[in-house]
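1. Predicted model and sequence below, questions to follow.
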Amino acid sequence: MRPWQTLPTHRSWLDAECRRLLGFGRHVVLPGGGAAYLDDDGVPDPSRGVQTWITARTVHVYSLGALLGVPGSAGVAAGALAGLTGGLRDARAGGWYHALSEHGVPDTVAGKSCYDHAFVLLAASSATLAGIPGARELLDEASGVFLDRFWDEEAGRCVDEWDVSWSVVAPYRGLNANMHAVEAMLAVADCLDDDSWRDRAARICAFVVTLAEENESRLPEHFDDGWGPQPDLNRDRPDDPFKPYGATIGHGLEWARLLLQAEAALGERAPSGLASTASLLFDRAVEDGWARDGAPGFVYTTDWAGVPVVRDRMHWVAAEAVGAADALHRRTGEARYADLYARWWDYVVTYLVDVDRGSWRHQLDASNVPADGVWPGKPDLYHAVQATLLPRVPLGPSLARAAHDGLVSA
């Protein structure tokens, strides 16, 4: 049987699903700018205020929609971007607050995070390519803040968080923020045609190769300020949405894809071992995470021996699984990756796609029944939309560059 990715009918299905997802978030923009947290029906939940990471992801996703010619997308991207140039932006100290309350008050307790700022970079680069007004100015500002505050040239990776006034940098270092920094750096490089951003991404990727070699392909997520692993962090809060204890299955899959994208983008300058490490991370995540308790789906986390800790299924993990399987199939030509790609899309459609209420169910329990202990509502289109696009673009360029250059296959 031909791999699904080669079938025009499958690509047509992916295109339709992408447009369906974009339709779900059409009311996401808030009156003052920025993106709302959406409930299960796509209705804004004002009690959750305005969050920078959701707003930036919305700018990115709807900039992709604009580049793809989906009507209404540019307006959503512009409305969300107004939040990044407005209330979420710290006009006095620089950078971006983590969130605004429902009354528009900045969150000064959470500090300023690499995670948030990486998504501002991604948003600004995608919006620049989409021609959204004000995006290039935002990209210039966000690039300067990111290099000044988060990029550690000596370490070759990013610090994680500052206090709101940029006075104290937290001792914690995190792999999650560095992962999204790699995605953002590759996107900025494609937008500006600037190899220095690719070279920074390469240094982070080389660190991940070493981590995988030293940890049986279960990536430590948490570190101290000297980049010493902290394997027991949050053992008492194992289902933390951003810093869970143990190995995160979805991140193993996400890194597998990113390493292959970095390899393609860097060409001869790519660090050694990216492709082989991608395969090892993928195989470990599948062995540890897929259908471990008799039901289909990926568990959220495991301990350092591969024993499941949080068995709930998160939608974003399945989204990253199909993207990684597709990337590895194209990189290696091995049929097993195409087989898994098809199997996991079957899972997505059977359990995650919500035909009646829209979007994808964000969290299921171990029996694939909808749950909301970690992710209530449906705030995030980013992973699902990207899952519908990644199989339709070359490995090298970022999604926005591929869309801008007409490289998204129909």
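-> Good, I have the coordinates.
2. Distance of residue 241 relative to residue 193?
-> 35 Å (Cβ to Cβ, to the nearest Å). Where you see a C-beta, it was placed from the backbone N, CA and C, and this is true even at glycine.
3. And those two? Which one has more around it.
-> Between residue 241 and residue 193, residue 241 has the larger neighbour count (other Cβ atoms under 10 Å), namely 12 against 8.
4. so what pLDDT did the residue lying closest to the more buried one once chain neighbours are set aside get?
-> Once flanking residues are discounted, residue 241 sits nearest to residue 374: 5.2 Å by Cβ to Cβ, 6 or more residues apart in numbering. Note on residue 374: pLDDT of 91.
5. what do you get for residue 240?
-> 89.
6. pretty sure residue 72 contacts residue 25?
-> No. Look at residue 72 against residue 25 with Cβ atoms under 8 Å: they stay out of range, at 10.2 Å.
7. how far does the lengthiest helix in the chain sit from the chain's center?
-> Identified as the longest helix of the chain according to DSSP state H is helix 195-214. Distance of helix 195-214 from its chain centroid, counting by Cα atoms, centre = their mean, to the nearest Å, is 17 Å.
8. which helices and strands sit right next to whichever helix or strand comes after that helix?
-> Downstream of helix 195-214, the next assigned helix or strand under DSSP states H and E is strand 222-223. Contacts defined by 3 or more Cβ pairs under 8 Å, 6 or more residues apart in numbering; DSSP states H and E place strand 222-223 against strand 173-174.
9. which residues of the chain fall in helices?
-> Under DSSP H, the chain gives helices at 8-24, 52-67, 73-85, 114-129, 135-145, 175-192, 195-214, 249-266, 274-289, 315-332, 335-347, 382-389, 399-404.
10. Low-confidence bits of the stretch 51-200 of the chain, can you list those?
-> For the stretch 51-200 of the chain, no stretch has pLDDT under 70.
11. residues making contact with the longest helix of the chain?
-> Residues outside helix 195-214 that contact it (Cβ atoms under 8 Å, 6 or more residues apart in numbering) are 151, 156-158, 175, 178, 181-182, 185-186, 188-189, 219-220, 255, 258-259, 262, 265-266, 269-274, 277, 280-281.
12. In PDB, could you pull the C-alpha coordinates for that helix?
-> Taking Å, rounded to 0.1, in the frame of the first residue of the first chain, the C-alpha atoms of helix 195-214 are listed here in PDB:
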ATOM      1  CA  ASP A 195      22.500  31.900   9.500                       C
ATOM      2  CA  SER A 196      23.400  33.100  13.000                       C
ATOM      3  CA  TRP A 197      20.000  32.000  14.200                       C
ATOM      4  CA  ARG A 198      20.500  28.500  12.600                       C
ATOM      5  CA  ASP A 199      23.900  28.200  14.300                       C
ATOM      6  CA  ARG A 200      22.400  28.900  17.700                       C
ATOM      7  CA  ALA A 201      19.700  26.300  17.000                       C
ATOM      8  CA  ALA A 202      22.500  23.900  16.100                       C
ATOM      9  CA  ARG A 203      24.200  24.300  19.400                       C
ATOM     10  CA  ILE A 204      21.100  23.500  21.300                       C
ATOM     11  CA  CYS A 205      20.500  20.400  19.100                       C
ATOM     12  CA  ALA A 206      24.000  19.200  19.700                       C
ATOM     13  CA  PHE A 207      23.300  19.300  23.400                       C
ATOM     14  CA  VAL A 208      20.200  17.200  22.900                       C
ATOM     15  CA  VAL A 209      22.300  14.600  21.000                       C
ATOM     16  CA  THR A 210      24.600  14.400  24.000                       C
ATOM     17  CA  LEU A 211      21.700  14.200  26.500                       C
ATOM     18  CA  ALA A 212      20.100  11.300  24.500                       C
ATOM     19  CA  GLU A 213      23.400   9.400  24.500                       C
ATOM     20  CA  GLU A 214      23.800   9.800  28.200                       C
END
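13. Number the chain from 22, please
-> Let's use 22 as the start, then, which means that last one is helix 216-235.
14. Which parts of that helix count as buried, going by neighbours?
-> 218-219, 221-230, 232-233 (16 or more other Cβ atoms under 10 Å).
15. need the helices of the chain in a markdown table with distance to residue 61, can you?
-> Output for those, formatted as a markdown table (distance: least, Cβ to Cβ, whole Å):
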| stretch | distance to residue 61 |
| --- | --- |
| helix 29-45 | 10 |
| helix 73-88 | 16 |
| helix 94-106 | 19 |
| helix 135-150 | 23 |
| helix 156-166 | 31 |
| helix 196-213 | 25 |
| helix 216-235 | 35 |
| helix 270-287 | 21 |
| helix 295-310 | 25 |
| helix 336-353 | 12 |
| helix 356-368 | 20 |
| helix 403-410 | 14 |
| helix 420-425 | 26 |
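16. Tell me which of these lies nearest to residue 250.
-> Proximity to residue 250 (Cβ to Cβ) singles out helix 216-235 among the helices of the chain, at 8.3 Å.
17. For the residue lying closest to residue 29 once chain neighbours are set aside, give its distance to residue 412.
-> Computed as Cβ to Cβ, 6+ apart, the closest residue to residue 29 that is not its neighbour in sequence is residue 431, at 7.5 Å. Applying Cβ to Cβ, the value for residue 431 to residue 412 is 12 Å.
18. cool, and residue 404?
-> Remark: distance between residue 404 and residue 412 (Cβ to Cβ) = 14 Å.
19. Residue 312 too?
-> Here residue 312 is placed at a distance of 22 Å from residue 412 (Cβ to Cβ).
20. Same drill for these two, tell me which one is more crowded.
-> Neighbour totals were compared for residue 312 and residue 412, and residue 412 leads with 23 against 12 (other Cβ under 10 Å).
21. Do you know the pLDDT at the more buried one?
-> 98.
22. check contacts around residue 418.
-> Going by Cβ under 8 Å, 6+ apart, the list of residues near residue 418 reads 211, 286, 426, 428.
23. If you count surrounding residues, which of residue 93 and residue 46 has more?
-> Between residue 93 and residue 46, counted using other Cβ under 10 Å, the more crowded position is residue 46 (27 against 13).
24. Hmm, the more buried one is touching residue 79, no?
-> Yes. Contact criterion Cβ under 8 Å: residue 46 and residue 79 qualify, at 6.9 Å.
25. Find the residues that touch each one of these two.
-> Joint contacts of residue 46 and residue 79 (Cβ under 8 Å, 6+ apart) are 97, 402.
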